[in-house]
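Q: Structure for the following, please:
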Amino acid sequence: TQSITQSENSQFQPDWVWGKGRSTAESHALFDAVRGTTKILYSNLTNAEDTNSGVTAFNSNGFSIGSSASLNNNTHTYAAWQWLANGSGSSNEDGSINTTATSANTTAGFSISTYTGTGSAATIGHGLGVTPSMIFVKKRDSGSDDAWVVWHTKLPGANYYLNLNDTGAKDTSVNYWNNTLPTSSVFSVGASNGTNQSTKTFVVYCFAEIPGYSSIGSYEGNGNADGSFVYTGFRPSWLLIKNIDAAESWNLRDSKRDPFNVTKEILVPNTNAAEATSGGGQFADLLSNGFKLRGTDPGVNSSATFIYIAFAE
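A: Numbers count the residues shown, from 1 in each chain. Purely as a prediction, here's the structure:
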């Protein structure tokens, strides 16, 4: 066992830890303070929540890990990204479904909530005070349709969705979001098993764009090695990209694993693959005011529409 201490920038007690083995094929491991320590979900799998000693404590300057291979296999290398919400949270009654707990950091535009599904159209409070721009929902217990369901503000409408655990292009279903856009207080769910199956428990991660801290948007690829430039207003330290027009993997990079341009070290949220040094097709520069694609791989820069979420260095 060991404790992982934040060594750069401000130190804080994280409420969400997303970790991934770099050197070998190991599933992405997600833990948060609302569901509680040792409760793991995997971004690349539809599996129900499991008990795992990956994260055993959220500390004032990092987190502690047990002996589980999910985050602490002997001699393996890992990355972990951490977000600050507001502790274990408390019930939110803004929607027709009261959350079991909502932990919201309105300054950073991030909240974590847990709720129990009803099987019929409903609204759920997210606690941000502004309209979220990206939403991730995952069923925690077993049942049909256990995929990660994602909504993004640059998808064409309220009935569109993506799945974090697979490569699929954008698709439509009125039942995931009840064909209703989120508001400054709630997001909507329909009768889908993926977001609102009766008696099943769910976790939702909501993000609102905060100028200078986060950027949540889209860009059009040009299929050229002199690729698109995307303005964020800051140098990204964490960048997640998805082609929404074609079946392509999610593409995740950060400035800690890859501090110098061009960035090449890729992790893929929808697979357990080890870190890969991308071919030139996935190269990108992380610049002082945004990012620029330097390759023609269809995962980041074909003639298609791409959505992204980025956080500042």
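
Q: and stretch 85-105, what's its mean pLDDT?
A: Average pLDDT, stretch 85-105: 98.

Q: Quote the end-to-end distance of that stretch.
A: Using C-alpha to C-alpha, to the nearest Å, one end of stretch 85-105 lies 5 Å from the other.

Q: Please compute how far it lies from its chain's middle.
A: From the chain centre to the centre of stretch 85-105 is a distance of 19 Å (C-alpha atoms, centre = their mean, to the nearest Å).

Q: May I see the buried residues of that stretch?
A: By neighbour count on 16 or more other C-beta atoms under 10 Å, the buried set for stretch 85-105 is 85-86, 89, 92, 94-95, 97, 99-105. C-beta here means a position set from N, CA and C on the backbone, and glycine is covered the same way.

Q: I'd like to know how far the spatially most central residue of the chain sits from residue 126.
A: Nearest to the mean C-alpha position of the chain, by C-alpha atoms, centre = their mean, lies residue 136 at 6.5 Å. According to C-beta to C-beta, to the nearest Å, residue 136 stands 12 Å off from residue 126.

Q: what's the overlap in contacts for these two?
A: 204, 206 (C-beta atoms under 8 Å, 6 or more residues apart in numbering).

Q: For residue 37, which three-state class applies?
A: coil (DSSP: H, G, I helix; E, B strand; the rest coil).

Q: who are the neighbours in contact with it?
A: 31, 55, 56, 57, 58.

Q: quick check, nearest of those residues to residue 171?
A: residue 31 (28.6 Å; C-beta to C-beta).

Q: if I read this right, residue 291 contacts residue 285, doesn't it?
A: Yes - if you go by C-beta atoms under 8 Å, residue 291 and residue 285 touch, sitting 6.4 Å apart.

Q: of those two, who's got more company?
A: Neighbour totals were compared for residue 291 and residue 285, and residue 291 leads with 27 against 15 (other C-beta atoms under 10 Å).

Q: Can I take it that the more buried one is in a strand?
A: Yes - counting by three-state DSSP, one finds residue 291 located in a strand.

Q: so it bridges to which residues?
A: residue 230, residue 286 (DSSP bridges).

Q: what's near enough to touch the nearest residue to residue 165 once chain neighbours are set aside?
A: Excluding the flanking residues, the one nearest residue 165 by C-beta to C-beta, 6 or more residues apart in numbering is residue 148, at 4.9 Å. By C-beta under 8 Å, 6+ apart, the contact set of residue 148 is 43, 46, 136, 137, 138, 163, 164, 165.

Q: For the second one, grab phi and psi.
A: What that stands for is residue 46. Here is the backbone geometry of residue 46 (degrees, to the nearest 10): phi -90, psi 0.

Q: tell me the pLDDT at it?
A: pLDDT, residue 46: 95.

Q: Please give the element, helix or strand, for the closest residue to it other than its chain neighbours.
A: Computed as C-beta to C-beta, 6+ apart, the closest residue to residue 46 that is not its neighbour in sequence is residue 146, at 4.0 Å. Residue 146 belongs to no helix or strand when assigned by DSSP states H and E.
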